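Novice: just coords:
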């Protein structure tokens, strides 16, 4: 086991994928000589050369279009989008080509493309640098959508995504790039948990708290704070947003009878809405209270000075826990 940051774990995953398969190529803006905005690809150009670590023009539609062509020729392209809000020019390529070509060709053409997206807020950045567009891609049939929350998952899941024959949207929480954790660089990839499985990070009995990405750290803080009041929260890291591991989610909800879902993205038609609808379909007779979602607000991502009011925090999550447990909360008042 080696302690490393999430960013270094991603770099190690890319390096190992390039070593394992000479059909793996990296594409993106400034990923070669500069090493990427977040330095995830730093050093890979020197090790693998300009034919495999390719600096592209500033044109996301062209980058993904090039990846489609490479996939047609048997390569496994890994695309880096510089920031979450820059993915929109590539949206047509992703939705109309990447997600559909396997089906359009009746399985004759595979699209083993991994699209890495530094994602979500919490870094005090400018417009288009802190967005959470995951719901667009979850809604798009034909894509896998992964959101990692720790270095070990980042290393394993990225290698699994690159090895998969399915196209994968791979969300990397940029505010966690410098957070450290233990990574087993030597464990066989075949022994790792499947890419689509959720993980019960903390066991509990009173309510289930579901989240993903950087929000996992906030959820764990909420669970610790709730424990001080005698409340036992089970925390689930979804890891995969499409498909969702509903077997694991449902098993938890049937145990606790209560559920809160938290994410940074806007509330309307977000991942939380789909998770709650699906949990209600599967577990209605087990629910002791209405499921709740704690999300970002339905506004364009705010300026840096205001983002602390936009991102779900400890107080908002704990208030939702109080509501599902029918304890005094912001709606009923402290004396209810």
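Specialist: Alright, I've got the coordinates. It should be emphasised that the depicted structure is a prediction, and the values quoted were computed from it without experimental measurement.
Novice: Note down every partner strand of the strand ranked longest in the chain and its orientation.
Specialist: Scanning the chain for the strand with the most residues, using DSSP state E, yields strand 259-266. Here strand 259-266 has these sheet partners by DSSP bridges: strand 207-211 (parallel), strand 292-296 (parallel).
Novice: For the last one, which outside residues touch it?
Specialist: Think strand 292-296. Here strand 292-296 makes contact (Cβ atoms under 8 Å, 6 or more residues apart in numbering) with 132, 259-267, 270, 272-273, 276, 310-312, 316-317, 320, 323-324. All C-beta atoms are positioned from the backbone trio N, CA, C, and that covers glycine.
Novice: Now which of those residues would you call buried?
Specialist: With burial judged by 16 or more other Cβ atoms under 10 Å, the buried subset of those is 132, 259-266, 270, 272, 276, 310-312, 316-317, 320, 323-324.
Novice: Any idea which residue is closest to the centre of this protein?
Specialist: residue 147 (1.5 Å; Cα atoms, centre = their mean).
Novice: pretty sure that residue contacts residue 211?
Specialist: No - the pair residue 147 / residue 211 is not scored as a contact, 9.6 Å apart, by Cβ atoms under 8 Å.
Novice: Now do the shared contacts for these two.
Specialist: With Cβ under 8 Å, 6+ apart as the test, residue 147 and residue 211 both reach residue 238.
Novice: Return the distance of the nearest residue to residue 289 once chain neighbours are set aside relative to residue 75.
Specialist: Of all residues not flanking residue 289 in the chain, residue 324 sits nearest, at 4.6 Å (Cβ to Cβ, 6 or more residues apart in numbering). Going from residue 324 to residue 75 by Cβ to Cβ, to the nearest Å gives 48 Å.
Novice: For the closest residue to residue 21 other than its chain neighbours, give me phi and psi.
Specialist: Residue nearest to residue 21 in three dimensions, not counting chain neighbours: residue 76, with 6.3 Å by Cβ to Cβ, 6+ apart. Backbone torsions of residue 76, given as degrees, to the nearest 10, read phi -120, psi 90.
Novice: Begin at 42, not 1, for the rest of this chat.
Specialist: Got it, first residue is 42 now, which makes that one residue 117.
Novice: got a pLDDT number for residue 117?
Specialist: As predicted, residue 117 sits at a pLDDT of 98.
Novice: what's around it, how many residues?
Specialist: 24 (other Cβ atoms under 10 Å).
Novice: cool, and residue 333?
Specialist: A total of 19 residues lie near residue 333 under the criterion other Cβ under 10 Å.
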